[in-house]
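Trainee: Provided below are the primary sequence and the corresponding predicted coordinates.
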Amino acid sequence: MNSFERRSVFSLAGIYGLRMLGLFMILPVFSLYAEGLEGVTPMLIGLALGVYGLTMAIFQIPFGMLSDRFGRKPIITLGLLLFAIGSVIAAMSDSIWGVIIGRAIQGSGAIAAAMMALMADLTKEEERTKAMAIMGVSIGMSFTLALMIGPLLNAGIGVDGIFWMTAVLAAAGIAILYLLVPDPLHLNFHREVETVPAQLKQIFFDAQLFRLDVGILIQHGIMMAMFSALPFVLRDKLGLPTDEHAWFYLPVLMLSVLGMAPLVMIAEKKQKMKQVFIGSILLMMVSEVMLGTDQRSLIAVGIGLLLFFIAFNVLEASLPSLISRMAPVESKGTAMGVYSTSQFLGAFVGGAGGGWLSGEFGIQAVFYACAIAALGWLLLSLGMKVPAYLSSFMMQVNVADEAEADQLAEKIKQLDGVHEAKVILEDGVAYLKVDKKKFDQQQLMALVGGGSN
């Protein structure tokens, strides 16, 4: 990346990280705080935790469309303002319904699509994957940091103070947007794709992508359901004061990163992605059974939570990679949109479902239900095909019309090592997925000529 791109990517990742930090900080403490709210029930606690996922899923596509019409920065600003307003409403509410409304408004500022679009406007095509990876790392760091500092902040300023702090983080995000994020040097808009319904149909009916979309829904559902119950286990079953929960999470999260690293390396370097993926789902299922079975031992709960976070971190890193590898080259953006929507819906279903289960059947039922959900995911994933280990490749081409573009794409597909090829007439670019071990760039040059990336 050049300096312009680095500045763009890291400032945008910072904005998104601040926003997700604000959403996640209440996870380890909210269930206990909510006991003192007017009209509270276990199900409403879960709904308050997860409702942001519902509104985020609903408004993600409209916000992306608005950013195409009115510009990226104004729509991102609107989203951050809604996030701040929702935070203030939640901070000032004495009733659970007030917090639910505040959380719903937080989620309605669904800026993910507009942020990704601005990232695309500010980076070259060949740097796009790296840029998205940096964005993903910022989200993961926000989640880990939130679980550690949430209980500490709760001890100092309370959950209502955390909501106020979240509003301040949203304001900081707006400041970064205008002070640090550059304006695009040119508008990087592509044609309006006329076949969006066809692309959606293709993505929805792709069995491999369907498995991954259901998987991210289940994974985030399990996480939200678990955090509707886990704080009560730590406080009521283990006698751990709320302000000491951070010191319980800290070593667990640090060890989970150490446990995750070799598994990710095995998956990528040894090309054992499916084995590691299936094993991680199994590990998550085992962790939920442990958390549901023994809630009187600090060590047992710690081990169960450690296994969960090792599995969660591996799967969180693997799923986007698998989506990008399995999605058709011309529909990768659509596939990622469906994937993100599934993730947000999972947070909603998990939060509301976990709260309902806790109220109707007790805390143990939440963990056992999570284990059953993981088992269903495991069975669904057994039929997953091992994705080819391919690399993205882009080349400038000269074509006169759509017919010539389609003919060139078909010729490129016949070359050794080329698995997919799509020629975009308006961009004058051929996008390929290739096996580097078999792909001969000279053959492609001989066929079309021009420059490549």
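Mentor: Received the coordinates, thanks. Numbering: from 1, shown residues only.

Trainee: secondary structure class for Ala110?
Mentor: On the three-state scheme (DSSP: H, G, I helix; E, B strand; the rest coil), Ala110 is labelled coil.

Trainee: Equivalent analysis for the one 3 residues further on, please.
Mentor: Classification of Ala113 into helix, strand or coil gives helix, according to three-state DSSP.

Trainee: Kindly check the end-to-end length of stretch 225-242 for me.
Mentor: Taking CA to CA, to the nearest Å, stretch 225-242 runs 19 Å from one end to the other.

Trainee: before we move on, what about stretch 351-371?
Mentor: 15 Å.

Trainee: residues in contact with that stretch?
Mentor: Residues outside stretch 351-371 that contact it (CB atoms under 8 Å, 6 or more residues apart in numbering): 41-51, 53, 221-222, 224-229, 232-233, 285, 288-289, 291-292, 295. The way it works is simple: take the backbone N, C-alpha and C, and place the C-beta from them, glycine included.

Trainee: Would you list the buried entries among those?
Mentor: 42-51, 53, 221-222, 224-229, 232-233, 285, 288-289, 291-292, 295 (16 or more other CB atoms under 10 Å).

Trainee: Okay, now the unreliable bits of the stretch 201-350 of the chain?
Mentor: 324, 329-334, 336 (pLDDT under 70).

Trainee: same thing but at 50, please
Mentor: Low-confidence segments of the stretch 201-350 of the chain (pLDDT under 50): none present.

Trainee: show me where it has helices.
Mentor: 207-232, 245-269, 273-293, 298-326, 332-361 (DSSP state H, counting those that start in this stretch).

Trainee: Redo those as TSV? Include distance to Val448.
Mentor: Below are the helices of the stretch 201-350 of the chain laid out as TSV (distance: least, CB to CB, whole Å):
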stretch	distance to Val448
helix 207-232	30
helix 245-269	31
helix 273-293	32
helix 298-326	24
helix 332-361	22
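
Trainee: Show me the one of the ones you listed that comes nearest Asp401.
Mentor: Closest to Asp401 of the helices of the stretch 201-350 of the chain is helix 332-361 (CB to CB; 24.0 Å).

Trainee: Let me see the mean pLDDT of the next helix or strand after that closest one.
Mentor: Sequence-wise, the next helix or strand downstream of helix 332-361 (DSSP states H and E) is helix 363-381. Mean pLDDT, helix 363-381: 95.

Trainee: Equivalent analysis for stretch 36-53, please.
Mentor: For stretch 36-53, the mean confidence score works out to 91.

Trainee: Ser392 in helix, strand or coil?
Mentor: Once three-state DSSP is applied, Ser392 turns out strand.

Trainee: Kindly report the same for the one 3 residues further on.
Mentor: The local conformation at Met395, judged by three-state DSSP, is strand.

Trainee: Neighbours of it, how many?
Mentor: Neighbourhood size, Met395 [other CB atoms under 10 Å]: 22.

Trainee: Over to Leu179?
Mentor: When counting by other CB under 10 Å, one arrives at 8 neighbours for Leu179.

Trainee: Contacts only, for Ile157.
Mentor: So Ile157 contacts Trp164, Met165 (CB under 8 Å, 6+ apart).

Trainee: Quick check: phi and psi at it.
Mentor: Per-residue torsions, Ile157: phi -120, psi 0 (degrees, to the nearest 10).

Trainee: gap between it and Gly173?
Mentor: 20 Å (CB to CB, to the nearest Å).

Trainee: cool, and Ser95?
Mentor: In terms of CB to CB, Ser95 sits 28 Å off from Gly173.

Trainee: Who has more neighbours out of the two?
Mentor: Neighbour count, other CB under 10 Å: between Ser95 and Gly173, Gly173 has more, with 25 against 13.
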